[in-house]
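could you look at this predicted model? Sequence included:
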Amino acid sequence: MKHKASATVERFMEGLRARNPGQPTFLQAVQEVAESVIPFLEAEPRYKDAALLERITEPDRCILFRITWEDDAGKVHTNRGYRVQFSNALGPYKGGLRFHPSVDLGVIKFLGFEQILKNALTTLPLGGGKGGADFDPKGKSDREVMRFSQAFMTELERYIGEDTDVPAGDIGVGAREIGYLFGQYKRLEGRYVGAITGKGAGWGGSLIRPEATGYGCVYFVNEMLRRNGEGLEGKTCSVSGSGNVALYTAEKLRHMGAKVVTLSDSSGFVYDPNGVDAHKLAWAKDLKFNRRGRIKEYADEFGAEYHAGERPWKVPVDVAFPSATQNEVSGEDAAALVKNGVIAVGEGANMPTTLDGIDVFQRAQILYAPGKASNAGGVAVSGLEQTQNSMRITWSAEEVDRRLSDIMVRVHEQCVQFGVEGEHVDYVKGANIAGFVRVADAMLAYGVM
Ligand code: NDP
Ligand code: 2IT
């Protein structure tokens, strides 16, 4: 069954489509929010006539720039860089940088738009933004990545700052890239300030930031299950991806007594019915973070099944954690998960489920956590990193983890507050409205601008 919008949402989307041709992921992200927010706005007199949805879907500004760099053989390459400063209603623009060949303006706008509402849900003083480049770090040497990152920051530096816009990592931007980016920022500015998060713990980063998105996602799903008198202990789980979010999701699931049976990358997935134990996880981290290898090697090393070119959603599990990329769970994938008895889905990735897939989860009334709620832990600990940098102090890992867990409980409570429908909670509606209300109230206070 194909997803269908109501007549009022369709009228709003018609205008948005006309203004944003060729940006399907941006339109998809807005449509999901509009379907929750438009009925809410129509029933709330204080928001009427303020054109809030029209304003919040138009970025404050989009910055596009050229990046020219030289590879190890001396060949010159040109890429395109982006920073979309979407909304600073609640704080400095905040959001990651993605280096991936699929990056274009529409992708960065979808991510920036999601980031506004996600950051609002954390209740920290964070606006929303996103950036990146159509650069592929795969197969590049460290020095090539360094030269690219330095060239990227040479352009971006003038637009960011600790009180204006604070980038971080995302797909293709991890500890190595943040090091090169921050080093160049610091050099150009001639001063050390926390204008980037995700820094190494030894040079201004926060403990638990690498773990935060995955850990936070597991904390959120645990809250959903707890509300239904259940827990993660003994549950079988599938995780997609094998990057930062996926591997720390797997780690926290193991801490909580759950069994992770899949990991993946863009080439295929591994199925390990015995579960990813501590030794295998340490091995996978080394494979992905240091050796930059492919997940197939996990199957070779540990005798697990490898399914080339496939995604893990046909494997029967209790809980699924899509943690790779957008639109990786189709309507068909969602139906396979539901048919096999999935009880909860926690999105580590941004918008991993298509609108058709969301319909399937919602009709089945499973516990479905949209990414903007369940993956908010990453940016939340980025916010805590900014606080530590401003105060020039370092919190212990236990302190940051406790704050992260408290924030995820609060995000969950807000979703319940705005999404409860009898016995059931619509977490999509809850997350969209709770995030929107925070931003909308600030916008109303600022007047017409
Ligand atoms: P990484 O670059 O560390 O890992 C990305 C993983 O996803 C890799 O396994 C990669 O496989 C896979 N992947 C990427 N693109 C595709 C694709 N087009 N098709 C299939 N697989 C793909 O990124 P992160 O773990 O940081 O990010 C994962 C997701 O989580 C993204 O949606 C990101 O926006 C979101 N997110 C990240 C946060 C963070 O703090 N890092 C915070 C909140 C959300 P391969 O190596 O083959 O490309
Ligand atoms: O999608 C996200 O929330 C991130 N990539 C993290 C953003 C951040 O500023 O830490």
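Yep, that arrived. Ligands and ions are numbered 1, 2, ... in the order given.

rounded mean pLDDT for the helix or strand harbouring residue 356, please.
Assigned by DSSP states H and E, residue 356 belongs to helix 355-363. Helix 355-363 shows a mean pLDDT of 98 in the predicted model.

what's next to that helix, contact-wise?
1-3, 28, 31-32, 329-331, 333-335, 338, 345, 353, 368, 370, 426, 428 (CB atoms under 8 Å, 6 or more residues apart in numbering). The C-beta positions use only the backbone N, C-alpha and C, and glycine is treated the same way.

filter the residues you listed down to the ones in strands?
Among the contacts of helix 355-363, the members found in strands (DSSP state E) are 345, 368.

filter the contacts of helix 355-363 down to the buried ones, ChimeraX style.
Burial among the contacts of helix 355-363 is assessed by 16 or more other CB atoms under 10 Å; the matching ChimeraX selection reads:
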select :3,28,31,32,329,330,331,333,334,335,338,345,353,368,370,426,428
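
run through the bridge partners of the closest residue to ligand 2 within the stretch 101-250 of the chain.
The minimum distance from the stretch 101-250 of the chain to ligand 2, using CB to the nearest ligand atom, falls at residue 168 (3.4 Å). Per DSSP bridges, the residues bridged to residue 168 are residue 96.

what's the neighbour count on it?
The tally of other residues near residue 168 (other CB atoms under 10 Å) stands at 24.

wait, it sits on residue 197?
Yes: counting by CB atoms under 8 Å, residue 168 touches residue 197, with 4.4 Å between them.

overlap in contacts of those two?
Here residue 168 and residue 197 share the contacting residues residue 382, scored by CB under 8 Å, 6+ apart.

what residues does the stretch 251-400 of the chain have near ligand 1?
265-267, 323-325, 348-350, 375, 378 (CB under 6 Å from any ligand atom).

just the buried members of the residues you listed?
265, 323-325, 348-350, 375, 378.

secondary structure added to the residues you listed, as CSV?
Below are those laid out as CSV (DSSP: H, G, I helix; E, B strand; the rest coil):
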residue, secondary structure
265, strand
323, coil
324, coil
325, coil
348, coil
349, coil
350, coil
375, coil
378, helix
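
closest to residue 80 among the residues you listed?
For these, the residue nearest residue 80 by CB to CB is residue 325; the value is 19.5 Å.

measure that closest one to ligand 2 for me?
For residue 325, the distance to ligand 2 (CB to the nearest ligand atom, to the nearest Å) stands at 11 Å.

that residue touches residue 242, doesn't it?
No: with contacts counted by CB under 8 Å, residue 325 stays clear of residue 242, the gap being 12.0 Å.

find the closest residue to ligand 1 in the stretch 51-200 of the chain.
Closest to ligand 1 within the stretch 51-200 of the chain is residue 171: 4.1 Å, counting by CB to the nearest ligand atom.

how about the contacts made by that residue?
For residue 171, the contact set (CB under 8 Å, 6+ apart) comprises 98-100, 243, 325.
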